[in-house]
Structures are given as C-alpha cells and as structure tokens.
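Chemist: My questions concern the predicted model and sequence given below.
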Amino acid sequence: MSCVPMPCTDTKAPTGVVPGFVAVNSRWVLAATVLGSSMDYIDGTVVNVALPSMQNLLGATGTQAQWVVESYALFLAALLLTGGSLGDRFGFRRIFLFGVVLFAVASLGCGLAHGISQLLFARSLQGVGGALLVPNSLALLSSEFEGADRARAIGTWSGFGAIMTALGPVVGGWVVQHASWRWAFLLNVPVAIATAWITLTKVPNREHDPGMFPLDVQGALLVTAGLGCVVYGMLEWSNGHLLSRVAGTAGLVFLAMFVITERNAKSPLIPPELFLNRTFSGANLLTFFLYGALSATFFYLPLNLIQAQGYTPTQAGAALLPMVLLMFFLSRWAAGLVQKWGARLPLWMGPLIAAVGYVLFARPRVGGCYWLNYFPAITILGLGMTISVAPLTTVVMSSVDDNRSGIASGINNAVSQMAALLALALSAPLFFAKFSAELKTNLASSHVPAQVVTQVEGQRRQLGAIRVTDARAKTAVDEAFADSFRLIVLLAAGSAAVAGFTAMVTIRDERLTRVRS
C-alpha cells in the first residue's frame, strides 16, 4: 500500500456525465460542497467564542454551556455514518441538499431561541443536518473528479474546511460584540440558500440503486444511544448524581452491543473490510487524536481569552487570524505534499509541530502581551494543522473504492466528531476539578473575606463566568481558570504527539491500494 493517491485508471467521464462536464462544471461542484460544508465547520467553532455571551444572557451553568457544544457534536458524530450510508443508497446530491436545508432551518431556530432548552433542541437538529451534508459533500466532490484533479479538489475542500474552522471564532467574535450572538447562527441562512441554488441548478444528479446499500437501522440506533449516554455520564459525573453513573454504564453497554451487531450485520454501518487497509485505519486513528486535541483547545481558548484574560469577543476571535491566514495561503501547497513526498512525512511532521504549539499555549498566565503570549502558539499550531489536514483527507478518500466514498467520508468525519465529543466530555471533569482546587487555594492565599469566599464557592459551576465585585476574588478566579486551561493544552500536546507517532507506525509511502468491497 501507499500513501500517494492512486490515480483512477478509467479516463472516461463518470457514468451519466456528458463529456466536458469536469472541465465546465467542476468549479460549481467545488463551490457547492465548500459552501455547504463551511456552515458546519464555522458553526463548530463560532459557538465557542459566543458561549460567554450566551451563558450570561440565557443564565446557563457551565455544564449547560458545554451542552450547547455537545448537543450539536453528539448528533453530528452519531449520525455521520448513517448520513454517509444514505448518500451511498439514495445519491450524494440528494442527501447533501436535504442536509443543507435542515441545517438552515435549525440555524434559524438557534438564532430565535429564547431559552437554553430551545437552543439545545435547535443545536441537536443542526447536528442532524450536519451529519447529512458533511460526508456527502466530500463524497459528491470525490465522485466528480479523477486522478490528480481529485487530489487537488479534496485539498481545496479540506483546506477551506480548516480555514472555516479557524475563521469561526473571528467571525463570531465580531458579530457577538457588534450585533448579537444570534447572528452567529442566522448568517447560515443566506449561505444555505446560495448552496441550495448551486446544487439544484449546477450540480448533476446521479442515479443510485437503493438496494445496493441497505440501511443499518439497528446499528445507527445503538451508536446514537451509546454515545449519548456516555457523553451525558461524563459531563454530569462531577455532579455526583446516580443518573450520570447509570447513563455512562448504559452507554458502554450500547456501544458493546453496537460492535457485536456490526460484526454480524448484512450491511453494517461500519464495513469491517475498510479497516483491513492499514492506511485507512491509521489515518482514522490519527484523526481521532489530532482533532480531539484541537476540539478541547478551541472550546476553552475563547473562554480563557474573554473571561480570564479580559479580551473582547472581537479581540478573542481576531487572535486566531494567524492560523486562518496560514491555512488560506498554504492549503493548496499542503495538498500537493502527498503527490511530492507521500503522506507519511506530512502526517507525522504536522501533528508534532501542532504539539509544539499546544505546549506554547501553556506558557502565559493572566495578563501580558498577545504577541508574546499567544501569537507564537497560534502560528505554530496553524502551521502544524495546515500540513496535516489536506494530506489526511486525501489519504482517507484515496484508500477506498468510489462506491464507498460516502461511508468512508462518513467514518472519517464521525471519528473527528467522536474525538471532539470525548475530548470535551473527558476534559470537562478534569477542568472542573483543577479549577475547583486552584480556586480554593487562590482564595485562601488572597485573604478574601469569608462572605466573598462563600459567594464565589456558590458559583463554582459557572467557572470563568463567576460574578464577583471583589478585585482579589476576581483575580483568584481568573488565575484558577488560566491554570486549568494550561492542563488542557498540555494534554492536547500529548494527544497531538500520539497522532504523529501513529502516522509513523501506520502510514506507508507506497502507492495507495483501494479497499475492495
């Protein structure tokens, strides 16, 4: 096997495509898939910088604020596999379009929500829409390009996806400060309208045989229930409620049942033969560690900048601009690394460079200059992710047959979302425990009056959003939050280093061999 994308041997146009289609309409296909998936990528991070405002205006606890992120990621991760299978069964274009419309409706619901419960419901619905549009956008793109054109198209798609992920906090910060956090969601509606118009008028429809890939309904239900229970149990574990323990245990049982049923299913949600390919398996394992580190960091970084460091939402979003610019200008260069050097080199170098960036995030305390404290870390992290993202996507999509591109894309996206889910679920109790211990120590050493200590301790679950008028108590809260953030980024550095080691062990620099179903 090899990590160099294997060019298609069939030089004819894909079935159902008139000659010259790729030359004439390829840009429209690329535009539709980039626009559609960008809604998901932006929304995955724009919410993070809007969380402090949401938390204050809706009166949400720290755990409820985490669920604003987790409710979306949960349904996205649990249903990505189903979304990919639906595309293989009913057509990539059809399911992609349905996902775009559903995502737009859910975004409208988020923007108009008047309470935390309404927002969580709409966020869950957004996750369902994202699970339909993301894997099928990549599968649609892959089905319309061949050979080197496919590698470049995937590189552009993944590059824009990474840019949008990093751009989310920048856009969100400006919108939150100058308008309202609601516009962070409402801006998706015009993007969805443009995507739907391009898809309906410019992207050809492919005929699919629905009987070719029957749906694994049992598997979808088990993995959704399993992930939901496990994540709920982890997030609520620190409350000490019996329900969280029961949910966590039930989730593990559901996931075990999912593994057993998949081995015996006639049309499994996760075809086992895909993982016989060492490159495909290694790329997905690398994805898990790399995106888990990124998700945990990007959740707490805006909170740290706004609540502990005193940045405005606009400043917190703009702090990530170096990463955005690196991904924008270097994404096509990174996509070409696989053709020139193979995938193994960028896929172990990129995560290790990112690990250095995470370590640099652990240096700052409260206060200090952005250019000395955060600019070096964000720049190096951006370089590491730029080197990693496009080659990783190219390797995943080039290691499977075209007729399984939907499920392959679904699996890889599901792995990244599961990593985000588990990273936040695991980091939440660690962060809270570290924050509680540091806050207690800081309050004691600051000689804060007893009544102020009681007031602060009663708001511990608000984390950095604790409201207090005593300056010494506020400093104690900020320093406790900064110390807790330091723990998270050091764990992220370790996870990124493991991702780089995974590439060294599993990715081979021979010509990619496709998995035959």
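Modeler: Thanks, I have the structure now.

Chemist: which non-adjacent residue is nearest W348?
Modeler: Nearest residue to W348, sequence neighbours excluded (CB to CB, 6 or more residues apart in numbering): A503, at 4.0 Å. (Each C-beta comes from the backbone N, C-alpha and C, glycine too.)

Chemist: give the contact list for the one you found.
Modeler: By CB atoms under 8 Å, 6 or more residues apart in numbering, the contact set of A503 is G282, L286, A343, R344, L347, W348, P351.

Chemist: how about the helices of the stretch 51-200 of the chain, start to end?
Modeler: Ranges of helices within the stretch 51-200 of the chain are 62-90, 92-112, 116-144, 147-178, 183-186, 188-202, based on DSSP state H, counting those that start in this stretch.

Chemist: Of all those helices, which one is nearest L303?
Modeler: Ranking the helices of the stretch 51-200 of the chain by proximity to L303 (CB to CB) places helix 62-90 first, at 8.6 Å.

Chemist: elements contacting the closest one?
Modeler: Where contact means 3 or more CB pairs under 8 Å, 6 or more residues apart in numbering; DSSP states H and E, helix 62-90 is packed against helix 21-58, helix 92-112, helix 116-144, helix 217-235, helix 278-303, helix 405-446.

Chemist: worst-scoring helix or strand of the chain, pLDDT-wise?
Modeler: Ranked by mean pLDDT, DSSP states H and E, the helix or strand of the chain with the weakest confidence is helix 147-178, at a mean of 71.

Chemist: ok, back up a step: for the residue nearest to W348, give its distance to A496.
Modeler: A503 sits at a distance of 11 Å from A496 (criterion: CB to CB, to the nearest Å).

Chemist: likewise Q118?
Modeler: Distance, Q118 to A496, by CB to CB: 36 Å.

Chemist: Neighbour count: the two, which is higher?
Modeler: Set side by side, Q118 and A496 give different neighbour counts by other CB atoms under 10 Å, the larger being at A496 (32 against 14).

Chemist: Got the phi and psi for the more buried one?
Modeler: phi -70, psi -40 (degrees, to the nearest 10).

Chemist: Same question for G367.
Modeler: Backbone torsions of G367, given as degrees, to the nearest 10, read phi 90, psi -180.

Chemist: Residue nearest the middle of this structure, spatially speaking?
Modeler: Nearest residue to the geometric centre of the chain (CA atoms, centre = their mean): Q417, 5.3 Å.

Chemist: so what's that residue up against?
Modeler: A73, L76, A77, L80.

Chemist: Which parts of the protein belong to which domain?
Modeler: Listed by automatic domain parsing, the domain ranges of the chain are 21-205+267-506, 216-266.

Chemist: These: lowest mean pLDDT?
Modeler: Between these, the one with the least mean pLDDT is domain 216-266; it has a mean of 79.

Chemist: Would you mind measuring the gap between the ends of it?
Modeler: Taking CA to CA, to the nearest Å, domain 216-266 runs 8 Å from one end to the other.

Chemist: roughly how far out does it sit from the chain middle?
Modeler: Offset of domain 216-266 from its chain centre (CA atoms, centre = their mean, to the nearest Å): 21 Å.

Chemist: what's near enough to touch the closest residue to N48 other than its chain neighbours?
Modeler: Spatial nearest neighbour of N48, chain neighbours left out: P302 (4.7 Å); criterion: CB to CB, 6+ apart. Residues counted as contacts of P302 (CB under 8 Å, 6+ apart) are N48, V49, L51, P52, P169, G173, A316, G317.

Chemist: In this model I411 seems to touch I270, though I could be wrong.
Modeler: Yes - taking CB atoms under 8 Å as the definition, I270 is a contact partner of I411 at 6.3 Å.

Chemist: how far away is Q459 from V468?
Modeler: Going from Q459 to V468 by CB to CB gives 8 Å.

Chemist: Serialize the helices of the stretch 51-200 of the chain to a markdown table and add fields for distance to T393.
Modeler: Shown next, in a markdown table, are these (distance: least, CB to CB, whole Å):
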| stretch | distance to T393 |
| --- | --- |
| helix 62-90 | 14 |
| helix 92-112 | 16 |
| helix 116-144 | 7 |
| helix 147-178 | 4 |
| helix 183-186 | 26 |
| helix 188-202 | 20 |
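
Chemist: For T379, find the nearest of those helices.
Modeler: Nearest to T379 among the helices of the stretch 51-200 of the chain is helix 147-178 (11.8 Å), distances taken as CB to CB.

Chemist: Packed most tightly, which of the domains of the chain would that be?
Modeler: Compared across the domains of the chain, domain 21-205+267-506 shows the largest average neighbour count, a mean of 22 (mean count of other CB atoms under 10 Å).

Chemist: Contacts only, for the nearest residue to T33 once chain neighbours are set aside.
Modeler: Using CB to CB, 6+ apart and skipping the chain neighbours, the partner closest in space to T33 is S137 (4.0 Å). Applying CB under 8 Å, 6+ apart, we find S137 in contact with A32, T33, V34, G36, S37, F96, W157.

Chemist: How about V189, nearest residue that isn't a chain neighbour?
Modeler: Spatial nearest neighbour of V189, excluding adjacent residues (CB to CB, 6+ apart): A104 at 5.3 Å.

Chemist: roughly how far apart are the residue nearest to N48 and V253?
Modeler: P302 is 36 Å from V253, by CB to CB.

Chemist: cool, V396 as well?
Modeler: Remark: distance between V396 and V253 (CB to CB) = 30 Å.

Chemist: before we move on, back to that, which one of the contacts of P302 is nearest A476?
Modeler: Of the contacts of P302, the one sitting nearest to A476 (CB to CB) turns out to be P52, at 18.7 Å.

Chemist: I'd guessed that closest one sits against L303; true?
Modeler: Yes - the pair P52 and L303 qualifies as a contact (CB under 8 Å) at a distance of 6.5 Å.

Chemist: sorry, back to before: can you lay out the helices and strands packed on helix 62-90 as JSON lines showing distance to P322?
Modeler: Shown next, in JSON lines, are the helices and strands packed on helix 62-90 (distance: least, CB to CB, whole Å):
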{"stretch": "helix 21-58", "distance to P322": "15"}
{"stretch": "helix 92-112", "distance to P322": "28"}
{"stretch": "helix 116-144", "distance to P322": "26"}
{"stretch": "helix 217-235", "distance to P322": "32"}
{"stretch": "helix 278-303", "distance to P322": "13"}
{"stretch": "helix 405-446", "distance to P322": "22"}
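
Chemist: quick one, which of those is nearest to V489?
Modeler: With CB to CB, the closest approach to V489 among these belongs to helix 278-303: 5.8 Å.

Chemist: angle of that closest one against helix 62-90?
Modeler: Inter-element angle recorded for helix 278-303 and helix 62-90: 150 degrees (by axes from the mean of the first three to the mean of the last three CA atoms, to 10 degrees).

Chemist: Identify all contacting residues around the following helix or strand past helix 278-303.
Modeler: Using DSSP states H and E, the helix or strand that follows helix 278-303 in sequence is helix 313-318. The list of residues contacting helix 313-318 from outside it, by CB under 8 Å, 6+ apart, reads 49-50, 52-53, 169-174, 176-178, 302, 305-306.

Chemist: who touches I306 in this structure?
Modeler: Taking CB under 8 Å, 6+ apart, we find I306 in contact with V49, P52, T312, P313, A316, G464.

Chemist: how far away is it from Q315?
Modeler: Taking CB to CB, one finds I306 at 8 Å from Q315.

Chemist: Can you tell me which of the helices and strands packed on helix 62-90 is nearest to W333?
Modeler: Of the helices and strands packed on helix 62-90, nearest to W333 by CB to CB is helix 21-58, at 17.8 Å.
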